[in-house]
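K.L.:
what would the 3D arrangement of this be:
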Amino acid sequence: MVYHTRLPNKTHHCLDPDGSGSGPAKDLLWPFGKLDGLDRDDLREAAYEIFFTACRSSPGFGGRSTLTYYNPSDGGDGSGPGSPMKSPGVGMSVNSRVKRALCLKMMKRSNPSSRRSSSCGSNPMSPSAASGAVSSPRLVAFSTVPQPRMRRPMTAAEIARQQMRVTEQSDNRLRKTLMRTLVGQMGRRAETIILPLELLRHLKPSEFNDSHEYHLWQKRQLKVLEAGLLIQPAIPIDKTNKFAMKLRDIIQASEMKAIDTGKNSETMKLLCNCVMSLAWRSPDGSPTDVCHWADGYPLNVHVYIALLYSIFDIKDETLVIDEVDELLELMKKTWSTLGINRSMHNLCFTWVLFEQYIMTGQVESDLLSASLAMLTEVASDAKKVDREPVYVKMLASALTEMKRWYEKRLLDYHGNFERGTVGIMENILPLVFSATKILEEDIPGYISEAQLEKGEVANDSDGNRIDHYIRSSLRNAFAKMLEEKCVNYEALEAQEVCEVLIKLANETEELAAKEKEIFSRVLKKWHPIGAGVAAVTLHSCYGTLLKQYLTGTPSLTNETISILQRAGRLEKLLIQMVVEDSGECEDGGKAIVREMVPYEVDSILLRLMKQWIHERLKKGKELFQRSKDTETWNPKSKTEPYAHSAVDLIKFSKETVENFFDIPVNKSENLIFELADGLEHLFKEYITFVTSCGSKQSYLPTLPPLTRCSQNSKFLRLWKRAACSVGVEDPNQNIIDDGNHPRPSTSRGTQRLYIRLNTLHYLQSQLHSLDKTLSLSSKVTPSPQNQINNRSRQLSRSYFEHSRSSIQVAFEHVSEVAAYRLIFLDSNSVFYGSLYVGDVANSRIRPALRILKQNLSLLCAIVTDRAQPLALKEVMKASFEAYLMVLLAGGSSRIFSRFDHPMIEEDFDHLKRVFYTCGETLIAEDVVEREAETVEGVIALMGQSTEQLIEDFSIVACEASGIGVVGVGQKLPMPPTTGKWNRSDPNTILRILCYRNDRAANHFLKRTFQLAKRWG
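P.N.:
Now for the predicted structure:
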């Protein structure tokens, strides 16, 4: 196989001399310094020229015999493992000790027992034979038959030229130059040959295809001299050096056109003089036998690495050729020219293996293993005490870049490795650890990036670095998921955000499973709880996102609940992952678990539920306030005889309870109690509002002062009545006697009080419904921590027990107020205002009873059935009290005699009968009798004689005052007015005497209490 053309677009050197990478190694930085003006092809050709010159005396490069290999099975003897060896056999198999030492596989060929071969029909030492060209014309002239094509082993020179893609024309020019240069100097050392200068001296433009090709070639040679002598010399040069300035001028002039290199050219003479003067300098200016033109750093490393890349097969660049031992052995000959030593060689070889692994797409793990094996040699070299400063600089730069490049992958290993490539990750980690160890132990002043990050990895041990890789990779993986979902709370709708966060939770679980199944098994060798660390990291990442979401969404929504519940399940899974992975830890994983800041899903849900309850109750209070301002106490409709505000309040309460149970969250009994307590407080406020209708005291008439009847009182009253009947129209006549059909006297205000009663009854019935809904719900979770409260609730069996009690009290109060308003205000003209005025016989109770019956009918028509009994009972009580006030506090218009007793007794029986006829289901007869006992007792007193009344009064008055018996000269005390009238009350008996129209009563009251005489 022979190559005749240069292939500049396919080269082994993956990094440009300026330090930038391309292709698979685009993010890999060149660690050995920049080299301006020379590209990769320039360096490769320069490396071949130096390599060929250094090996010129070796077989295949112009020596006497070809270098071949013997088969070890035929008795060949090799050197130690890992080092190149020479074998004097021909056509035998290649057995590389370097490849065995580095665990590199042998190349597969059609004939595995043979070395690389070349077709030839001529002398293998000739350039044409080495390139596969036809034999010389002279040889053909003596041949009478076509020469058979013979296959022979390739020489090292042929292999090197083939591997480095050097054209036959360039190779021939190099050979000619060396022949011309070394005429008579065959023993001259290679490092004393300034090869670019010799090439410029001996090669003419005519030996190139055209002037442009020659100009490019000349500029390359001059650029090599410029780099080695001016820009990066091995011995620093003074800026004022005249030879350096002249050489720089010549190089600058060559940019426009090629310089004349003829024998008589002054430019060439000046060039030779400058180059020789600069190359044969010593550090102290003394004469020296060492030539320095290609051993300056980093030019020497650039050239040597370009040379090392020739060990990779040009057909499959992931493979190292089997002749690597021979080539490496020959490359040693360039060390003196390039200023390379064994330590530098090992470092450059390590870098080349590493870089080739990356450049070929990281598909050949053997290259990675080989670089790790060579790193062992580098570690040994780094311990040497005689290290050169330039080597330390190279070592720091190369290992730092290797470590940086690999750590960049490890810090995002989820994005760089999969199930099928996790084995590569297992090989990378030892390489990183080894490089880090060398840097930390053997490079003075080295500070890792991790240590620079404010102590993120305080202890840079292997375990802590693995910890850092895990956390970083999981964060990066989570960030990529987040970026793919494009989470923007402001731009997305709530439903979309919910779906995104739930999908993220699902993918986070998948990521955790992937970490546990694939990567943690590899990392466990260095980190016993790697899966736990991964779980903690993912927990923190999702927790941060969850916190951000909750900050922007403070209220309780179905979306929020779904997200929180999904987050809760994710948290349980991650905690379980930590627990399972921490079983072998001394503390059982407590330390790593403490890093997990709980999501507190239950607490957040509880807080949001309480907040929801608070907001609903706040709306309820606002509704109540509006009701207070707008309620008129008119019935909602005939079928709904209660207040609008009550309907709105109950509707709001039912909606609140229904919405509460519709929330897809477990509700504890404590939450139920909190909701019920809030609603009950609202109900109690509303009940208080309903009962704010005054009191019966505001309708009771003021008690007139106690007076005694005069002799002419009756006459005056009769006269006044006669006068009034002639000239004054009775204002109540239209109520009392409108034909035979009297109308009720119930006012609008009293009817509104009836609506309040209906409202209270409606509220009571609806509370029962709400109570049942709260008590029988299957969505309530018991709260054992609140057992005392639970037991009290179970005993009362109602969430609104206090409201029920309040409603009962309100019933009684409103019924009482309505009754007293009906009797003392609405019916005043026919009852307290006119009953028994003047005398009993002419102002009986019948007209008042007709109006009362009409009022009671209207009451039963307005008030709901279940509220009627109490309302009627209160009307009865108010009627009885009004009747008593007529008898005992009727004012100066009323007087009674003992003979009025039968009529009064009869009238009261008629009054009782009105309530009897209401029905047994409304007011029981025994209830009527019980309430009538007091009135009947007072009426019985009115049937007694005045003397008996005076005697009874004296007794009860003395007993009540505690003086016992009244002595001589003592007066009976005036009994206080208690309002609790009954036949045993001294004030009651006194009032009967005050209204008794006879001389004995008048005399007793005047003598005992000096009561004033009543006038008209």
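K.L.:
local confidence estimate at residue 278?
P.N.:
Looking at residue 278, its pLDDT stands at 93.
K.L.:
wait, what's in contact with it?
P.N.:
Contact partners of residue 278, counting by CB atoms under 8 Å, 6 or more residues apart in numbering, are 229, 230, 233, 237, 241, 243, 244, 247, 293. (Glycine included, C-beta is placed from N, CA and C.)
K.L.:
in three-state terms, label it for me.
P.N.:
Assigned by DSSP: H, G, I helix; E, B strand; the rest coil, the conformation of residue 278 is helix.
K.L.:
the strands in the chain, which residues?
P.N.:
Here the chain has its strands, by DSSP state E, at 117-120, 150-153, 667-668, 780-781.
K.L.:
where does the stretch 901-1016 of the chain dip in pLDDT?
P.N.:
For the stretch 901-1016 of the chain, residues meeting the criterion pLDDT under 70 lie at 919-920, 964-970, 1015-1016.
K.L.:
if we can go back for a sec, show me the contacts of residue 278 that map onto helices.
P.N.:
Per DSSP state H, helices hold the following members of these: 243, 244, 247.
K.L.:
need those in JSON lines with neighbour count, pLDDT and distance to residue 505, can you?
P.N.:
Output for the ones in helices among the contacts of residue 278, formatted as JSON lines (neighbours: other CB atoms under 10 Å; pLDDT from 0 to 100; distance: CB to CB, whole Å):
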{"residue": "243", "neighbour count": "19", "pLDDT": "93", "distance to residue 505": "73"}
{"residue": "244", "neighbour count": "19", "pLDDT": "93", "distance to residue 505": "69"}
{"residue": "247", "neighbour count": "23", "pLDDT": "93", "distance to residue 505": "70"}
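K.L.:
you'd agree residue 925 is up against residue 916?
P.N.:
Yes. In terms of CB atoms under 8 Å, residue 925 counts as a neighbour of residue 916; the distance is 6.1 Å.
K.L.:
more neighbours, the two?
P.N.:
Between residue 925 and residue 916, counted using other CB atoms under 10 Å, the more crowded position is residue 916 (14 against 11).
K.L.:
contacting residues around that one?
P.N.:
923, 925, 928.
K.L.:
give me that answer again for 7 Å
P.N.:
925, 928 (CB atoms under 7 Å, 6 or more residues apart in numbering).
K.L.:
switch the ones in helices among the contacts of residue 278 over to CSV; also include distance to residue 523.
P.N.:
CSV is the format used below for these (distance: CB to CB, whole Å):
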residue, distance to residue 523
243, 59
244, 56
247, 57
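K.L.:
return the closest of those with respect to residue 809.
P.N.:
Proximity of the ones in helices among the contacts of residue 278 to residue 809 (CB to CB) peaks at residue 244, which lies at 114.3 Å.
K.L.:
against residue 226, how distant is the closest one?
P.N.:
Distance, residue 244 to residue 226, by CB to CB, to the nearest Å: 10 Å.
K.L.:
try residue 367
P.N.:
34 Å.
K.L.:
equivalent analysis for residue 201, please.
P.N.:
According to CB to CB, residue 201 and residue 226 sit 17 Å apart.
K.L.:
those two: who's more crowded?
P.N.:
Between residue 201 and residue 226, residue 226 has the larger neighbour count (other CB under 10 Å), namely 24 against 18.
K.L.:
nearest residue to residue 974 in space, please, no chain neighbours.
P.N.:
With CB to CB, 6 or more residues apart in numbering as the criterion, residue 974 has its nearest non-adjacent residue at 5.9 Å, and that residue is residue 1009.
K.L.:
swap in residue 696?
P.N.:
Per CB to CB, 6+ apart, closest to residue 696 is residue 820, 3.8 Å.
K.L.:
where does pLDDT dip in the stretch 651-800 of the chain?
P.N.:
Scanning the stretch 651-800 of the chain for pLDDT under 70 picks out 710-742, 779, 783-797.
K.L.:
can you rerun that using 80?
P.N.:
710-743, 777-797 (pLDDT under 80).
K.L.:
what distance do you get for residue 921 to residue 814?
P.N.:
From residue 921 to residue 814 the distance is 21 Å (CB to CB).
K.L.:
for the two, indicate the residue with more neighbours.
P.N.:
Applying other CB under 10 Å to residue 921 and residue 814 shows that residue 814 carries more neighbours, namely 26 against 9.
K.L.:
I'd like the distance between that one and residue 635.
P.N.:
15 Å.
K.L.:
apart from its chain neighbours, what residue comes closest to residue 634?
P.N.:
Leaving aside its chain neighbours, residue 634 sits nearest to residue 755 (6.8 Å; criterion: CB to CB, 6+ apart).
K.L.:
how many neighbours does that neighbour have?
P.N.:
For residue 755, the number of neighbouring residues by other CB under 10 Å comes to 23.
K.L.:
in contact with it, which residues are there?
P.N.:
Counting by CB under 7 Å, 6+ apart, residue 755 touches 633, 634, 635, 641, 642, 643.
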